[in-house]
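**Q** 3D, please:
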Amino acid sequence: MNRFAVIYVSIATPLVAFVAWTVVQRARAESPPPTVVAPLDETGQRAYLIPAGAGRISNPGEWKFTAAQGIGAYSMVELEANELPRLPPGPGHVHTREDESWYVIEGELLFDVGDQQLTAKPGSLVYAPRNVPHGYRVTKAPARWLIIFTPAGIEPLFAEVGELRKRFPNQDGEYREELEKLQAKYGATPARGWRRPSESAPR
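**A** Predicted coordinates:
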């Protein structure tokens with residue numbers, strides 16, 4: 001090996017090692033740390049820390065908590081919308097197994113719950129008990145909000161609805177028929193005969 005090669009190797013080797021180390025450190029800094037899980041207690045529950053961006057990504061957003069955690073007590077998903085919906089709101093639905101709550105972080109959402117029309121801005125919480133028809137839509141974007149289901153268990157429905165929407169992007173009549181079948185699996189039904197208060201309110 002000539003002198004030039006020796007000098008090249010002596011300089012290049014630590015330089016390559018430094019670059020590799022820098023890439024690894026940057027990747028670690030940009031990726032969320034893993035979920036921190038405490039040992040089981042006598043009730044079979046654990047303490048969890050779910051850092052920002054470390055939830056399970058599945059339709060309709062980032063699931064922060066699911067039935068597999070907290071022995072099914074509740075589930076929570078974070079959603080966001082960067083623009084207003086292009087399609088008109090659906091007919092609404094009814095849950096028979098869980099209560100549903102929404103907490104608005106950013107933007108503005110309009111809710112129809114039973115006979116009430118509710119406008120929720122950042123910091124607002126809206127609650128809909130089971131067996132009460134409801135629906136909502138984003139009215140100011142960008143928007144970000146949490147949905148909380150009590151108890152948990154309905155999470156798989158949303159992944160199935162996401163696949164259904166890929167098949168029927170216009171959400172036509174056939175989509176509604178298939179959606180009703182999916183909802184029935186999870187104790188939810190279309191709100192037949194219910195008119196959204198926001199649709200009947202004077203404009």
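**Q** residues in contact with the residue nearest the centre of the chain?
**A** The centroid of the chain falls nearest to Gly61 when counting by Cα atoms, centre = their mean (2.8 Å). Going by Cβ atoms under 8 Å, 6 or more residues apart in numbering, Gly61 touches 77-80. Just so you know, the C-beta spots here come from the backbone N, C-alpha and C atoms, and that holds for glycine as well.
**Q** if we go to 10 Å?
**A** Each residue near Gly61 by Cβ atoms under 10 Å, 6 or more residues apart in numbering is listed here: 55, 77-81, 144-147, 158.
**Q** so which of the residues you listed would you say is closest to Lys121?
**A** Of all the contacts of Gly61, Lys121 sits closest to Trp145, with 10.7 Å by Cβ to Cβ.
**Q** What's the local residue count around the closest one?
**A** Trp145 is flanked by 25 other residues according to other Cβ atoms under 10 Å.
**Q** which ones are touching it?
**A** 61, 77-81, 102-109, 120, 122, 124-126, 136, 138.
**Q** run the last query once more with 6 Å
**A** Each residue near Trp145 by Cβ atoms under 6 Å, 6 or more residues apart in numbering is listed here: 79, 102, 104-105.
**Q** Restricted to strands, list those.
**A** Among the contacts of Trp145, the members falling in strands (DSSP state E) are 79, 102, 104-105.
**Q** Now which of those would you call buried?
**A** For these, a burial check counting by 16 or more other Cβ atoms under 10 Å picks out 79, 102, 104.
**Q** With pLDDT and distance to Arg192 as extra columns, can I get the residues you listed in CSV?
**A** CSV is the format used below for these (pLDDT from 0 to 100; distance: Cβ to Cβ, whole Å):
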residue, pLDDT, distance to Arg192
Leu79, 97, 26
Trp102, 98, 23
Val104, 98, 28
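**Q** So, low pLDDT: which residues of this protein?
**A** Residue ranges of the chain with pLDDT under 70: 1-36, 38, 201-203.
**Q** the strands in it, which residues?
**A** 36-37, 48-49, 56-58, 61-65, 75-81, 93-95, 99-113, 116-120, 125-128, 134-150, 188-190.
**Q** possible to save the ones you listed as CSV with distance to Lys166?
**A** Shown next, in CSV, are these (distance: least, Cβ to Cβ, whole Å):
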stretch, distance to Lys166
strand 36-37, 33
strand 48-49, 31
strand 56-58, 14
strand 61-65, 17
strand 75-81, 18
strand 93-95, 20
strand 99-113, 24
strand 116-120, 29
strand 125-128, 27
strand 134-150, 21
strand 188-190, 20
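**Q** For Arg196, which of these is the nearest?
**A** Nearest of those (Cβ to Cβ): strand 99-113, 4.1 Å.
**Q** Please save the CA atoms from stretch 152-165 in CSV.
**A** What follows is stretch 152-165 as a C-alpha-only set of coordinates in CSV (Å, rounded to 0.1, in the frame of the first residue of the first chain):
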residue,chain,number,x,y,z
ALA,A,152,-63.2,0.5,24.1
GLY,A,153,-63.8,-2.1,21.4
ILE,A,154,-65.1,-0.2,18.4
GLU,A,155,-61.6,0.6,17.0
PRO,A,156,-61.5,-2.1,14.2
LEU,A,157,-64.7,-0.6,12.7
PHE,A,158,-62.8,2.4,11.4
ALA,A,159,-60.1,0.5,9.6
GLU,A,160,-62.9,-1.5,7.9
VAL,A,161,-64.7,1.7,7.0
GLY,A,162,-61.5,3.1,5.6
GLU,A,163,-61.2,0.1,3.2
LEU,A,164,-64.9,0.5,2.2
ARG,A,165,-64.3,4.2,1.3
